[in-house]
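Asker: Provided below are the primary sequence and the corresponding predicted coordinates.
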Amino acid sequence: MLLSASIQAQDTLSTRKNGPRRQLGEATRQVYDTTKKVVRGFDRLDENYIEPQHYDWTVMGQITHTYDVYMLRSSGDDNQSVTFAPDVRMKVGPFVGWRWFFLGYTFELRSVATSALKREIDLSVYSSQVGVDLFWRYSGDNFKIRKISLGKNIDASSLEGMSYDGVNSGIVGVQAYYIFNHGKFSYPAAFSQSTIQKLSCGSWMAGAGYTHNTLSIDIDKLQALADRHLRQEVKLDTGMRVNEIVYHDVSLSVGYGYNWVPKRHWLVAGSLALAVAYKASRGSSTPREETFLGTGFEYGNVNLDGVGRIGVVYNNMRWYAGLSIIAHTNNYRKERFSALNVFGSVNLYAGINFGLKKRYKKEGDPKFVF
């Protein structure tokens, strides 16, 4: 009996000691299982409409043409305006993807040895339900004057096409979106090639984003060009005398996308989203002259922006290739000053998927019969 009582006492003591550990372990497992269920829920889809990705990894090569257009306008007596844009040049770069994550770097071949080098880094995280895009772009200083108007009776056309190194721009930001009809409509099928749309379908989308833009304009260089090349004496309107602007942009967007499947493995996609954006901006005017903005300005404003996407894709699950066009617009308005920024890219790409997922290893490499 003494031995039995001793064993019982030890079991009781062991239970008391291990009870909290066991409870902690069970709680940890519950949190893990719940998290796993939630994460898997982001990729839940209707396989009658969408073929899920069969591979874990992808590598891709891409040729990109980017464009940045800045249109500045004053609403003074002369209603002056100027449009700056760099030459459209080819950029190339490799991209690597793992499941939801997609990372790439592109560089401009013609400017590798110059200070006007354009650089871009993009990181995208896609699932059937949500997506996140992070981006960083530096546009260099190789802008040209594309269009300029300095007054009703002033011919400034001789300035158009001239190189203008007084502009530098950069942008960093993040955008997230939610796909409402994510079970049947695949946004990644069109713009990240991670699934295949089998039947035509559309969906409403909603999103939110933040961007930080910088635009530096040496307006004195523009005045010097006008003084040197125009026959008439011209003075830039006070509304144009802003040397630097920094944009902090917070936006909420809603849009619609549609995936059209004309035949097996082919997809034609398009989407348009309009965003209500609150822009907190600041800038500095030229030090020589105080403008209607003062020696510096701060303002918050609400504007309507837009994002449009078009994609054409061939994807048989192992190999894929396609073309995508992306366009963003940002509007900035003040009583006597406004700026419109249009930027985006045209991308031509081709890639291969590899690293078959466990789910499909028993079946072997897919024969693409869907």
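Answerer: That came through, no problem.
Asker: CA atoms for contacts and neighbours, from now on please.
Answerer: Noted.
Asker: check the nearest residue to residue 346 once chain neighbours are set aside and give its pLDDT.
Answerer: Leaving aside its chain neighbours, residue 346 sits nearest to residue 325 (4.6 Å; criterion: CA to CA, 6 or more residues apart in numbering). Looking at residue 325, its pLDDT stands at 93.
Asker: report the contact partners of residue 325.
Answerer: 309-311, 344-347 (CA atoms under 8 Å, 6 or more residues apart in numbering).
Asker: buried ones in stretch 346-358, by neighbour count?
Answerer: Neighbour counts over stretch 346-358 (16 or more other CA atoms under 10 Å) mark 346-353, 356 as buried.
Asker: relative to the whole chain's centre, how far out is that stretch?
Answerer: 20 Å (CA atoms, centre = their mean, to the nearest Å).
Asker: try stretch 208-216
Answerer: 11 Å.
Asker: how about the strands in the stretch 101-250 of the chain?
Answerer: Applying DSSP state E, counting those that start in this stretch to the stretch 101-250 of the chain gives strands spanning 101-108, 119-126, 130-138, 143-149, 163-164, 167-179, 196-197, 201-217, 242-260.
Asker: would you turn those into JSON lines with mean pLDDT, distance to residue 225 and mean neighbour count?
Answerer: As requested, the strands of the stretch 101-250 of the chain are exported to JSON lines (pLDDT from 0 to 100; distance: least, CA to CA, whole Å; neighbours: other CA atoms under 10 Å):
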{"stretch": "strand 101-108", "mean pLDDT": "72", "distance to residue 225": "28", "mean neighbour count": "18"}
{"stretch": "strand 119-126", "mean pLDDT": "68", "distance to residue 225": "28", "mean neighbour count": "18"}
{"stretch": "strand 130-138", "mean pLDDT": "80", "distance to residue 225": "25", "mean neighbour count": "17"}
{"stretch": "strand 143-149", "mean pLDDT": "88", "distance to residue 225": "11", "mean neighbour count": "20"}
{"stretch": "strand 163-164", "mean pLDDT": "85", "distance to residue 225": "9", "mean neighbour count": "18"}
{"stretch": "strand 167-179", "mean pLDDT": "86", "distance to residue 225": "14", "mean neighbour count": "19"}
{"stretch": "strand 196-197", "mean pLDDT": "94", "distance to residue 225": "53", "mean neighbour count": "29"}
{"stretch": "strand 201-217", "mean pLDDT": "89", "distance to residue 225": "14", "mean neighbour count": "19"}
{"stretch": "strand 242-260", "mean pLDDT": "86", "distance to residue 225": "16", "mean neighbour count": "20"}
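Asker: would you format these as a markdown table with distance to residue 75 included?
Answerer: As requested, the strands of the stretch 101-250 of the chain are exported to a markdown table (distance: least, CA to CA, whole Å):
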| stretch | distance to residue 75 |
| --- | --- |
| strand 101-108 | 37 |
| strand 119-126 | 34 |
| strand 130-138 | 29 |
| strand 143-149 | 12 |
| strand 163-164 | 23 |
| strand 167-179 | 21 |
| strand 196-197 | 49 |
| strand 201-217 | 18 |
| strand 242-260 | 14 |
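Asker: is residue 205 in a bridge, and if so with what?
Answerer: residue 179, residue 255 (DSSP bridges).
Asker: can you give me the separation between it and residue 230?
Answerer: Going from residue 205 to residue 230 by CA to CA, to the nearest Å gives 50 Å.
Asker: circling back: what about the residue nearest to residue 346, helix or strand, and which?
Answerer: strand 319-334 (DSSP states H and E).
Asker: okay, now the sheet partners of the next helix or strand after that strand, with direction.
Answerer: The first helix or strand that comes after strand 319-334 along the chain, using DSSP H and E, is strand 337-356. According to DSSP bridges, strand 337-356 forms sheet pairs with strand 55-74 (antiparallel), strand 319-334 (antiparallel).
Asker: most neighbours per residue, which of these?
Answerer: The highest mean neighbour count among those, using mean count of other CA atoms under 10 Å, belongs to strand 55-74: a mean of 20.
Asker: I'd like the next helix or strand past it.
Answerer: strand 81-86.
Asker: how far off strand 337-356 does the helix or strand just after that next one point, in degrees?
Answerer: Downstream of strand 81-86, the next assigned helix or strand under DSSP H and E is strand 90-98. Going by axes from the mean of the first three to the mean of the last three CA atoms, to 10 degrees, strand 90-98 is angled at 50 degrees with respect to strand 337-356.
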